[in-house]
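Engineer: This is the structure alone, sequence omitted:
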C-alpha cells in the first residue's frame, strides 16, 4: 500500500507521539497485523492518523495493566469504551494527592513554576514518599492528560525531564555510606521508558545501595558483560507495560542462564506482571515499597 507521507507519520514520529518503541511497533505488525502502515516512495513506513490515534488509545490501556494480545486487534470504539469503563484513574490518588497543578503549569507553559511545584512537593514529602507515592499518581495523571489532549507530547516530555532532574538532584544529595548490594540498573533493547528506572534507583540509594545506571535499551550481551566487569550483586531491570510478555520471559530465561549464579536478577515495572514462572534467583518487585525489605533480605542472606 503506497500513501502520501503528508497523510501520515513515519515510525520515528509515531514513537515520539505514542511512547511505543519502533521495535514494539514492528513486533505488533508481524504478530497482530496492527498497526498496518503504508509505504512512502522510499519504502519507509507511514502510519495514517487513525492508526496513530488507536495506538495512543492502546498505550493508555497498556498503562492500565492490560496485555497487548487482548487489545491490539480491538476496534477503536470498543477500546475507548473499555478505557471509559476502567475510569480515568482519578485526579486524586488514594492518598488524596492533588496533581492537577502539574497540568496547570504545563498548560500555562510555565516551566519555572512546574519546577518549583515539584521541589515543594519533594521538600514537604521527603524523597521516599515523593518517589513511592507522589510520582506514580503524577505519572498516571500526565499520561491521561496527554491522551485526552489536555497537553501535547512536548509538554509531557517537559514533565518527564523536570521531574527526572528533581529526583536526580535529591539522590545525588543523599549523604550516607554506600554498601552492598551493588546494583546495576537498565532496561532491555526496545524499552525506552527510563522514569521507572530512576524511581527504582532512588529507592535503592535510600537503602544505602551502590548503584550504577546504564540508562535504557541495553543489549543483553552488554548487560551480562557489565554485570561481570562491575562486580555487581544484582542486575535490576525495569519493563513497562508496552514490553511484550513473551520477549520478557525469553529475556529473563537467557539472562538467568548467562549471569553468574552469584548475581541476582530483580525485575520491576508493569511489564513483568504477566510473567507466570520465574527461574531461581529471580525476584519480581510488585511495588516500589517492596525494595526496602528486599534489600534487607538480601543483606541478611549474604
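Structural biologist: Received, thanks. What you see is a predicted model; the values in this text were computed from it and never measured.

Engineer: Going by C-alpha atoms from here, please, whenever you check contacts or count neighbours.
Structural biologist: Will do.

Engineer: How about the contacts made by the nearest residue to residue 178 once chain neighbours are set aside?
Structural biologist: With C-alpha to C-alpha, 6 or more residues apart in numbering as the measure, residue 208 is the residue that lies nearest to residue 178, at 4.8 Å, once sequence neighbours are left out. With contact set as C-alpha atoms under 8 Å, 6 or more residues apart in numbering, residue 208 has these partners: 176-180.

Engineer: and the nearest residue to residue 10 once chain neighbours are set aside, what helix or strand is that in?
Structural biologist: Excluding its sequence neighbours, the residue lying closest to residue 10 (C-alpha to C-alpha, 6+ apart) is residue 46, at 4.7 Å. When secondary structure is defined using DSSP states H and E, the element that contains residue 46 is strand 45-47.

Engineer: residues in contact with that strand?
Structural biologist: For strand 45-47, using C-alpha under 8 Å, 6+ apart, the contacting residues are 3, 5, 8-11, 14, 35-40.

Engineer: just to revisit the earlier point, the residue nearest to residue 10 and residue 103: what is the separation?
Structural biologist: As judged by C-alpha to C-alpha, to the nearest Å, residue 46 and residue 103 stand 31 Å apart.

Engineer: Run a quick neighbour tally on residue 123.
Structural biologist: For residue 123, the number of neighbouring residues by other C-alpha atoms under 10 Å comes to 12.

Engineer: Could you pull out the buried residues of whichever strand or helix holds residue 143?
Structural biologist: Under the assignment given by DSSP H and E, the secondary-structure element containing residue 143 is helix 135-148. Burial within helix 135-148, assessed by neighbour count using 16 or more other C-alpha atoms under 10 Å, is assigned to 135, 137-147.

Engineer: Check which helices and strands it sits against.
Structural biologist: Here helix 135-148 touches helix 49-63, helix 100-107, helix 153-172, going by 3 or more C-alpha pairs under 8 Å, 6 or more residues apart in numbering; DSSP states H and E.
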